[in-house]
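Student: I need the structure of the sequence given here:
(one chain, ligands or ions: 2)
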Amino acid sequence: MRIIKNQLFCLKSIIYIVNPKYFFKNLKGEKCMSKILVTGGAGFIGSHTCVELLNAGYDIVIVDNLYNSNEKSLDRVKELTGKDFSFYQYDIRDKENMRKVFENHKIDACIHFAGLKAVGESVEKPLEYYDNNIAGTLVLVEVMRNHGCKNIIFSSSATVYGDPVEIPITENCPKGGCTNPYGWTKSMLEQVLMDVQKSDNEWNVVILRYFNPVGAHASGRIGENPNGIPNNLMPYITQVAVGKRAELGVFGNDYPTHDGTGVRDYIHVVDLANGHVAALKAIQSNCGTSIYNMGTGNGYSVLDMVNAFVKVNGVEVPYSIKPRRAGDIATCYCNPAKAKAELGWEAKFGIEEMVRDSWNWQRENPEGYR
Ligand code: NAD
Ligand code: UD1
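Tutor: Ligands and ions are numbered 1, 2, ... in the order given. Here you go, the predicted structure:
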């Protein structure tokens, strides 16, 4: 029944009729994915993913309330791809407006980035975080279901592993306790989406657990645009390098790592963006629920990142050692083999491209999109 439904659905798309490759794929029961809703598409990871989706030939529709982003990023997505798309400045919690989006467009799948992500702020404002991230996702998923769109890719985080019981972290590593409301929203939403899929096997849910996204599009036209003082390492480094901040504070040099500073799995945002394009393939083949780590499998320390940044870009990054940051763990990097085996995806860019492109974006846009 499900296969027949998919066949009928796909016949709507002319490409599936005229292209024998796709036609035969269809006979295997794969879905046709052509129009993708991207929530949070104006943000850091969303804007890079939109570029890769458009370059891969998908139509996209973006919903973003611009709470943590700027519409200029979308102008630049158009400039980089030469393609147009619909943009709605809506809040995903606004059910009426979300209904309109689904009435105006036949959406095949949703890539769901929209959410608040500042760990420290989430400790100060837990209600706002639970409301925005959890209530927002519940509205989105309900509207999707009511319009027969049952395919979602969700932005989760390595934070759900807590202090991981194994390194490198595989997807089988049990989830751990989170130290902040932001982390809990990711952990809880994974559960919500898995339960939705369990209740109705027409759903396909792909959970992508991002490690540490850094870098920017090589053009320097889109990148990370944090408000206020950056929480994360790379935007702090670039703001020191460009002269906006005096020095980097390195949070602890007494961890059990090769140089005493925290080790993480940094991943170039363009690689991560392409991970989403690859994840659409899992949906196409009716994956049910699938979870993938999105990282490189390499662990670099804070000082590795600073030293690479200085060497590759030829700029100074003054730093001093500060006490450990509450809630930090020593080492966190993944085993990305599952994504390679099942999605055919792996990160291509290394530490040099990460620090080069982060700097290129910051140097070309010292005030971000402002
Ligand atoms: P971002 O803040 O740049 O992008 C999120 C976008 O969502 C913003 O444009 C924001 O305006 C929008 N948004 C927030 N709440 C909304 C709402 N209620 N309605 C409509 N739009 C809303 O963040 P990002 O770094 O691109 O992260 C994207 C997703 O990936 C987030 O869910 C984040 O939690 C997750 N994630 C990010 C990282 C990271 O290090 N950047 C790591 C792991 C997971
Ligand atoms: C942070 C979030 C985590 C989120 C992840 C990816 C916290 C506690 N955790 O993790 O929930 O999923 O980002 O976005 O914020 N560092 C410095 N100086 C700085 C900033 C960072 O030394 O000014 C160090 C940290 O101690 C850490 C490393 O740099 O060792 C990376 O930090 P960060 O970029 O904040 O990422 P995570 O701690 O991995």
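Student: Okay, the residue lying closest to residue 344 once chain neighbours are set aside and residue 346: tell me how far apart.
Tutor: Of all residues not flanking residue 344 in the chain, residue 278 sits nearest, at 6.3 Å (CB to CB, 6 or more residues apart in numbering). Placement of C-beta: from N, CA and C, glycine included. Distance, residue 278 to residue 346, by CB to CB, to the nearest Å: 9 Å.
Student: And stretch 293-306, what's buried?
Tutor: The neighbour-count check on stretch 293-306 (16 or more other CB atoms under 10 Å) flags 293-306 as buried.
Student: Next: stretch 190-198.
Tutor: 190, 193-194, 196-197.
Student: Which of these sits closest to residue 174?
Tutor: residue 190 (12.6 Å; CB to CB).
Student: and the gap between the closest one and ligand 1?
Tutor: Using CB to the nearest ligand atom, to the nearest Å, one gets 12 Å for the distance from residue 190 to ligand 1.
Student: Check which helices and strands the helix or strand where that residue lies is in contact with.
Tutor: Residue 190 belongs to helix 181-199 when assigned by DSSP states H and E. Packed against helix 181-199 by the contact rule (3 or more CB pairs under 8 Å, 6 or more residues apart in numbering; DSSP states H and E) you find helix 119-124, helix 126-129, helix 136-146, strand 151-157, strand 204-210, strand 289-294.
Student: As JSON lines, the ones you listed with distance to ligand 1 and mean pLDDT would be great.
Tutor: Below are the helices and strands packed on helix 181-199 laid out as JSON lines (distance: least, CB to the nearest ligand atom, whole Å; pLDDT from 0 to 100):
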{"stretch": "helix 119-124", "distance to ligand 1": "10", "mean pLDDT": "94"}
{"stretch": "helix 126-129", "distance to ligand 1": "10", "mean pLDDT": "98"}
{"stretch": "helix 136-146", "distance to ligand 1": "4", "mean pLDDT": "98"}
{"stretch": "strand 151-157", "distance to ligand 1": "3", "mean pLDDT": "98"}
{"stretch": "strand 204-210", "distance to ligand 1": "4", "mean pLDDT": "98"}
{"stretch": "strand 289-294", "distance to ligand 1": "9", "mean pLDDT": "98"}
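Student: Which one, of the ones you listed, ends up nearest to residue 237?
Tutor: Short answer: helix 119-124, nearest of these by CB to CB, at 18.0 Å.
Student: quick one: is the closest one near ligand 2?
Tutor: Yes: using CB under 6 Å from any ligand atom, helix 119-124 reaches ligand 2 at residue 119.
Student: What about the spatially closest residue to residue 149 that is not a sequence neighbour? Give its phi and psi, please.
Tutor: Leaving aside its chain neighbours, residue 149 sits nearest to residue 107 (4.9 Å; criterion: CB to CB, 6+ apart). Taking degrees, to the nearest 10, you get phi -90, psi 130 for the backbone angles of residue 107.
Student: I'd like the distance between residue 187 and ligand 1.
Tutor: For residue 187, the distance to ligand 1 - CB to the nearest ligand atom - is 12 Å.
Student: so what's that residue closest to, chain neighbours aside?
Tutor: Residue 187's closest residue in space is residue 160 (CB to CB, 6+ apart), at 4.7 Å.
Student: Quick check: phi and psi on the one you found?
Tutor: Per degrees, to the nearest 10, the backbone of residue 160 is at phi -70, psi -20.
Student: Identify the residues contacting the residue nearest to residue 344.
Tutor: 339, 343-345 (CB atoms under 8 Å, 6 or more residues apart in numbering).
Student: Looking at those residues, which is nearest residue 141?
Tutor: Nearest member of the contacts of residue 278 to residue 141, counting by CB to CB, is residue 343, at 22.6 Å.
Student: Identify the residue spatially nearest to whichever residue of the chain sits closest to ligand 1, adjacent ones excluded.
Tutor: Minimum separation of the chain from ligand 1 (CB to the nearest ligand atom) falls at residue 43, amounting to 2.0 Å. Of all residues not flanking residue 43 in the chain, residue 69 sits nearest, at 4.7 Å (CB to CB, 6+ apart).
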